[in-house]
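Peer 1: Predicted coordinates and the sequence they were generated for:
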Amino acid sequence: MPTPARVAVLPPEPGPLQIMDLQLPDPGPHQVVIKQFASGVCHSQLHQMHRKRPAAVVLGHESTGVVLKTGKQVEHVVEGDTVLVTWVPRDSAHANRLAVPAVIELPDGSKASSNNVFTWADHTIADEQYVVKVASDIDTQVTAIIGCAVMTGAGAVENTAGVSKGDSVAIFGVGGVGLSAVVAAKTRQAYPIIAVDLDTEKLRFAQQFGATHVINAAETDAVAAIKSLTQRQNGHTITGEPVSGADFVFDCIGVKSTMEQIVPAARSGFFGSQDGGTAVLVGVPTTTVELNAGDILMNEKKFIGSIGGSCSPDRDFPKYLDWYDQGLLNLDVMVTERYSLDEINTATDALEQGRISGRAILVFD
C-alpha cells in the first residue's frame, strides 16, 4: 500500500522548490520506507539547484527517521527502528551490489530523481545501503546532520588525513562541515587548530568547538597568517627558508580561491628527511583550479580529496553519536536554525546568503 508523502521537488525549469503531495510506492526488495523526523540543509545542494537539469530532482541527503516498511531482502533494519539516512553506502567494503538511487513518480506521471537519496520530505524511500540503524533514544532532530556535515568534516580529519596528536591543522570554511572538522581535530589533540573564514561571527563560533586560532581572510593574507602561526624553530626548506605551514590544511568550501590557498598553506618538506604537509579538498568544487606544481614537487606536499570524509557509516556513526552523548560534539549548538518543510526556500536562500552560522535543519511534524 503506497505511503503518502510531502516532498520538496525542484522542477526542471528555473524556479523555487515546490512542495508536492505524492505517493511513495511499497519498497522493492532492497528498499526502506522511512517517516522522517529531521533533515539537514547542506550547501552542496545549492550546487545541484543551480545546475541545468533535464528533469525534476529531489534533494536532501542527511536525516533521522523511523522505519515504516522494509523490502523482502532487507535484514539490518525492521519496522520501528530508528535510523539515520545518508548518501554514502553504510558498508561499501562488504556490499555485494551497487546501491540504487531513489526515483519517484510525480502527479503528472513524470519522474524525479535523486543523487542517491532524498530527505527534504516528511517521508522517504531509500536503498537499504543508505540507511543506518541507531539507538532509539537519540535526539531525533540535531543528529540529522551526522549523515553529511559531521561525517564529511570529522571523517576528513580522522579517516582521510589521519591527523595525530600535536599535528597542526588549518581549516578553511567553518560552516557545519568545517566545525565538524574542528571538533575532530580537537578530539585528536591537534595543535594549533586554525579556523579560516570571511565572517568574524563564524570564527568566534568556531572557537566554541575547539579552534585555538582564527584568521579572517577578508582582513589578512590567510596563507601568510597560517605560516606565521606554524613557523618551526629548526629546519629549513630547499631554498633555505624556515619551515612553516600546517601539517594538514582542509578546504571545506571548494571555491577556486580556497583550493588554491591550501597547498601553499601546507608545511614545506625537505629532501626526504621531512615530508611536506597535506592539503585536503573536502568541499564540493564548482570550478577548475590552478596549483603551483613547483611548490608541490620541491616541498613534497600532497593535494588529496576526501569524499564524505572517507566514512563507513556503520562504523563511524555510532562513534559520532557517542561524541554527542559525551559532550565532545555539541550538535545542539551547531544546529543554529530550524525550518519547516514549507520554509525550504527560505532555508536555502538563507544558506546561500551566508546567514546560517552552523547548520540548518528541516523539522517535520
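Peer 2: Nice, thanks for sending it over. Residues are numbered from 1 along each chain as shown.
Peer 1: Could you export stretch 223-239 as PDB, CA atoms only?
Peer 2: Presented in PDB, the C-alpha positions along stretch 223-239 are these (Å, rounded to 0.1, in the frame of the first residue of the first chain):
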ATOM      1  CA  VAL A 223      48.400  31.800   3.900                       C
ATOM      2  CA  ALA A 224      50.900  34.300   5.400                       C
ATOM      3  CA  ALA A 225      49.000  34.200   8.700                       C
ATOM      4  CA  ILE A 226      49.000  30.400   8.800                       C
ATOM      5  CA  LYS A 227      52.700  30.300   8.100                       C
ATOM      6  CA  SER A 228      53.300  32.800  10.900                       C
ATOM      7  CA  LEU A 229      51.500  30.700  13.400                       C
ATOM      8  CA  THR A 230      53.200  27.500  12.400                       C
ATOM      9  CA  GLN A 231      56.900  28.500  11.800                       C
ATOM     10  CA  ARG A 232      59.300  26.000  13.200                       C
ATOM     11  CA  GLN A 233      62.400  26.900  15.100                       C
ATOM     12  CA  ASN A 234      64.600  24.200  13.400                       C
ATOM     13  CA  GLY A 235      64.700  23.000   9.800                       C
ATOM     14  CA  HIS A 236      64.600  24.800   6.500                       C
ATOM     15  CA  THR A 237      63.200  24.400   3.100                       C
ATOM     16  CA  ILE A 238      65.100  23.500  -0.100                       C
ATOM     17  CA  THR A 239      65.500  27.300  -0.700                       C
END
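Peer 1: now that stretch, how far from the centre of its chain.
Peer 2: Taking Cα atoms, centre = their mean, to the nearest Å, the mean C-alpha location of stretch 223-239 is offset from the chain mean by 30 Å.
Peer 1: residues of it that come out buried?
Peer 2: Val223, Ala225, Ile226, Lys227, Leu229, Thr230, Thr237 (16 or more other Cβ atoms under 10 Å). Yep, even glycine has a C-beta here, placed from its N, CA and C like the rest.
Peer 1: Excluding chain neighbours, what is closest to the last one?
Peer 2: Read it as Thr237. Leaving aside its sequence neighbours, Thr237 sits nearest to Ser268 (Cβ to Cβ, 6 or more residues apart in numbering; 4.4 Å).
Peer 1: Where do the domain boundaries of the protein fall?
Peer 2: What automatic domain parsing lists as the domains of the chain is 3-140+330-363, 150-308.
Peer 1: Turn these into TSV, including mean pLDDT and distance to Trp323.
Peer 2: Output for these, formatted as TSV (pLDDT from 0 to 100; distance: least, Cβ to Cβ, whole Å):
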stretch	mean pLDDT	distance to Trp323
domain 3-140+330-363	95	9
domain 150-308	93	7
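Peer 1: I'd like the distance from stretch 130-141 to the chain centre, please.
Peer 2: That offset, for stretch 130-141, works out to 18 Å (Cα atoms, centre = their mean).
Peer 1: gap between the two ends of that stretch?
Peer 2: With Cα to Cα, to the nearest Å as the measure, stretch 130-141 spans 18 Å from end to end.
Peer 1: For the longest strand along the chain, which residues meet the burial criterion?
Peer 2: If you go by DSSP state E, the chain has its longest strand at strand 31-41. Residues of strand 31-41 classed as buried by neighbour count (16+ other Cβ under 10 Å): Gln31, Val32, Val33, Ile34, Gln36, Phe37, Ala38, Ser39, Gly40, Val41.
Peer 1: Pull the contacting residues for the residue nearest to the first one when sequence neighbours are not counted.
Peer 2: The shortest distance from Gln31 to any non-neighbouring residue, by Cβ to Cβ, 6+ apart, is to Gly71 (4.7 Å). Contacts for Gly71 (Cβ atoms under 8 Å, 6 or more residues apart in numbering) come out as Pro27, Gly28, Pro29, His30, Gln31, Val32, Glu128.
Peer 1: if I look at Gly71, how far off is Glu79?
Peer 2: 12 Å (Cβ to Cβ, to the nearest Å).
Peer 1: quick one, helices of the stretch 151-300 of the chain?
Peer 2: Using DSSP state H, counting those that start in this stretch, the helices of the stretch 151-300 of the chain run over residues 176-187, 200-207, 222-229, 256-259, 293-298.
Peer 1: Appreciated, that's everything.
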